[in-house]
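**Student:** I would like to see how this sequence folds:
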Amino acid sequence: MTRRRACGYLLTTTLATTVALVAGPATPAQAANPLIQRFAADPSILVANGRMYIYATDDQGNSGTYWDSSAWRVFSSSNLVDWTDHGAPFSVSGFSWATQYAWAPSAVQRNGTYYLYLPTDRTKIGVARSSSPTSGFSDARGNPLIERGRDANTGDEPIDPAAFVDDNGQAYLYFGGARAPKVVRLNSDMTSTSGAVQNVVINGGSAYAEAGHMHKRNGLYYYSYSTGWPGQIAYATSSNPLGPFTYRGVILDSVNINTNHQSIAEYNGRWYIAYQRNARPGGGNYRRSLAMEYLNYNSDGTIQRVAQTSNGVG
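**Tutor:** This is a model prediction of the structure:
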């Protein structure tokens, strides 16, 4: 997200306080849409251990007048009906070099290690790693993975990271806001980059605004993104993960708040899209809720437009 995204201020905590914040109790949450009875947004789906995990911006922890939360949140389910809130896997204070803004996260697993790509300060993306999907994350580098001013061609807002590991093992990090989509190769350690930051080129259709996301199906690369504020979730395809991409259409119409952010994944043989909208009392642009729908494909590989429902996949 850009100027309109979830964020947070630096917390000065003792080690004990930080551990309590990061670990948190595991508590049951409710099914259907909204997925959980807690304000959260900017979902990133990770499938592992026979469960679906959703990492999110914690809108419950912000002031309600801006996106100023200071930690991320993770939820999981084995049946997509009964969700468990695992608390905060990481907070801004876990990065010694960051000060504020716990914005849209991205999660990926590789060789038994879990990696979180976490934007802060509107100018940096850090990476935290753990042997557990829900706790024990620590700064993997000691400095940002991506930083405006230090790295070339990051754009004005290197935010909204989306990590993707291809079938051949090559990993990529997509990111960018303020209408500047970017991609860079990740090394096999998942904590360093290889080569220059490149532009993501989308030919035709609606322009990119933020919330880039990559998934792959039947050898085709699908790059989805939000088109504005408010924006639809559109998508483009390519035979190459670096593009160029060809615009294909809209997946999800604008939601009833001014930001839109999606994550797409396959789980137990079906495809799903997680997104955000205003779906709980007291909600709004700064207090968003997570939702999920089935994602269906046509025989030619194009994606059918998704209807927003209250039933969701529950």
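**Student:** mind checking which helix or strand of the protein has the lowest mean pLDDT?
**Tutor:** Least confident helix or strand of the chain, by mean pLDDT, DSSP states H and E, is helix 15-23 with a mean of 38.
**Student:** In the stretch 51-200 of the chain, what residue spans correspond to strands?
**Tutor:** Assignment of strands within the stretch 51-200 of the chain using DSSP state E, counting those that start in this stretch yields the ranges 51-57, 72-77, 83-85, 106-110, 113-120, 124-130, 138-139, 146-147, 162-165, 171-175, 182-186, 193-199.
**Student:** got those strands as CSV, with mean neighbour count, distance to residue 244 and mean pLDDT columns?
**Tutor:** C-beta coordinates here come from the backbone N, C-alpha and C atoms, glycine included. Putting the strands of the stretch 51-200 of the chain into CSV (neighbours: other Cβ atoms under 10 Å; distance: least, Cβ to Cβ, whole Å; pLDDT from 0 to 100) gives the following:
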stretch, mean neighbour count, distance to residue 244, mean pLDDT
strand 51-57, 25, 29, 98
strand 72-77, 26, 32, 98
strand 83-85, 21, 38, 97
strand 106-110, 21, 22, 98
strand 113-120, 25, 24, 99
strand 124-130, 24, 23, 99
strand 138-139, 16, 35, 98
strand 146-147, 20, 22, 98
strand 162-165, 22, 17, 98
strand 171-175, 23, 14, 99
strand 182-186, 21, 11, 98
strand 193-199, 14, 9, 98
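**Student:** Could you dump the ones you listed into CSV and include distance to residue 270?
**Tutor:** CSV is the format used below for the strands of the stretch 51-200 of the chain (distance: least, Cβ to Cβ, whole Å):
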stretch, distance to residue 270
strand 51-57, 11
strand 72-77, 14
strand 83-85, 17
strand 106-110, 20
strand 113-120, 23
strand 124-130, 28
strand 138-139, 34
strand 146-147, 33
strand 162-165, 20
strand 171-175, 24
strand 182-186, 28
strand 193-199, 33
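**Student:** now for these, which one comes closest to residue 155?
**Tutor:** strand 182-186 (6.0 Å; Cβ to Cβ).
**Student:** and that closest one, what other elements does it pack with?
**Tutor:** strand 171-175, strand 193-199 (3 or more Cβ pairs under 8 Å, 6 or more residues apart in numbering; DSSP states H and E).
**Student:** Using CSV, lay out the ones you listed together with distance to residue 144.
**Tutor:** Converted to CSV, the helices and strands packed on strand 182-186 look like this (distance: least, Cβ to Cβ, whole Å):
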stretch, distance to residue 144
strand 171-175, 12
strand 193-199, 11
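**Student:** Any idea how far stretch 197-212 is from the middle of the chain?
**Tutor:** When distances are taken as Cα atoms, centre = their mean, to the nearest Å, stretch 197-212 is centred 17 Å away from the chain's centroid.
**Student:** my bad, should have said stretch 58-70
**Tutor:** Here stretch 58-70 is found 17 Å from its chain centre; the criterion is Cα atoms, centre = their mean.
**Student:** Tell me the spacing between the nearest residue to residue 34 once chain neighbours are set aside and residue 36.
**Tutor:** Excluding its sequence neighbours, the residue lying closest to residue 34 (Cβ to Cβ, 6 or more residues apart in numbering) is residue 289, at 3.8 Å. According to Cβ to Cβ, to the nearest Å, residue 289 and residue 36 sit 8 Å apart.
**Student:** any residues in contact with both of those two?
**Tutor:** Common neighbours of residue 289 and residue 36, using Cβ atoms under 8 Å, 6 or more residues apart in numbering, do not exist here.
**Student:** List the residues that contact the closest residue to residue 165 other than its chain neighbours.
**Tutor:** Among residues not flanking residue 165 along the chain, residue 171 sits closest, at 4.6 Å (Cβ to Cβ, 6+ apart). Residue 171 is in contact with 108, 110, 163-165, 185-188, 190, counting by Cβ under 8 Å, 6+ apart.
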